[in-house]
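Student: sequence first, then the predicted structure:
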Amino acid sequence: MSLDESEQKIDVREGIVHSSIPADELARLSVDVIGALKTVYDPEIPADIFELGLIYKIDIEDDRMVKIMMTLTAPGCPVAGEMPGWVENAVGAVEGVSGVEVEMTFDPPWTPDRMSEEAQVAVGWY
């Protein structure tokens with residue numbers, strides 16, 4: 001069985017996903033993507049979506065496409081239709097990113113225990 005060159009190669013012995021992106025570039029992209037996510041705020045909560053724990057998964061593909069799985073604090077959030085676009089715009093502006101796909105999920109549902117200490121302090125829960 002052969003793998004397509006564009007597929008990620010998984011070393012099951014170590015549980016590591018290998019990327020064709022050089023390690024230093026992947027590290028920079030990761031830091032910059034997280035920095036971009038920290039510029040997006042839920043307008044009703046004084047903390048960014050990353051620190052709130054709304055980001056469940058970030059994948060940076062070999063072609064530099066960034067795939068983000070995220071949630072909202074509640075399914076009926078007033079900005080539910082707008083937030084994915086805000087995330088796409090913020091992450092899409094990161095140098096080296098070829099595109100952004102945002103997937104919304106409510107499984108598992110968000111709970112306040114996903115918040116970082118920084119977010120807890122911002123909302124006065126710490």
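Tutor: Nice, thanks for sending it over. Bear in mind the structure is a predicted one, so any value in this text is a computation, not a measurement.
Student: okay, helices next: where are they in this protein?
Tutor: 23-37, 83-92, 117-123 (DSSP state H).
Student: let me see the contact set for the nearest residue to residue 122 once chain neighbours are set aside.
Tutor: Among residues not flanking residue 122 along the chain, residue 47 sits closest, at 4.2 Å (CB to CB, 6 or more residues apart in numbering). The way it works is simple: take the backbone N, C-alpha and C, and place the C-beta from them, glycine included. Taking CB atoms under 8 Å, 6 or more residues apart in numbering, we find residue 47 in contact with 41, 115, 118, 119, 122, 123.
Student: let's see it at 7 Å
Tutor: The contact partners of residue 47, taken as CB atoms under 7 Å, 6 or more residues apart in numbering, are 119, 122, 123.
Student: so where is the chain shaky, pLDDT-wise?
Tutor: Residue ranges of the chain with pLDDT under 70: 1-17, 126.
Student: ok, 80 please
Tutor: Scanning the chain for pLDDT under 80 picks out 1-18, 125-126.
Student: residue 123 against residue 48, yeah?
Tutor: No. At 11.6 Å, residue 123 and residue 48 do not qualify as touching, with contact defined as CB atoms under 7 Å.
Student: looking at the two, which is more packed in?
Tutor: The residue with more neighbours, out of residue 123 and residue 48, is residue 48; 20 against 14, by other CB atoms under 10 Å.
Student: tell me the spacing between the nearest residue to that one once chain neighbours are set aside and residue 72.
Tutor: Nearest residue to residue 48, sequence neighbours excluded (CB to CB, 6+ apart): residue 38, at 4.5 Å. Distance of residue 38 to residue 72, computed by CB to CB, to the nearest Å: 17 Å.
Student: can you check residue 39 too?
Tutor: Distance, residue 39 to residue 72, using CB to CB: 17 Å.
Student: who's residue 48 bridged to?
Tutor: On the basis of DSSP bridges, residue 48 is bridged to residue 41.
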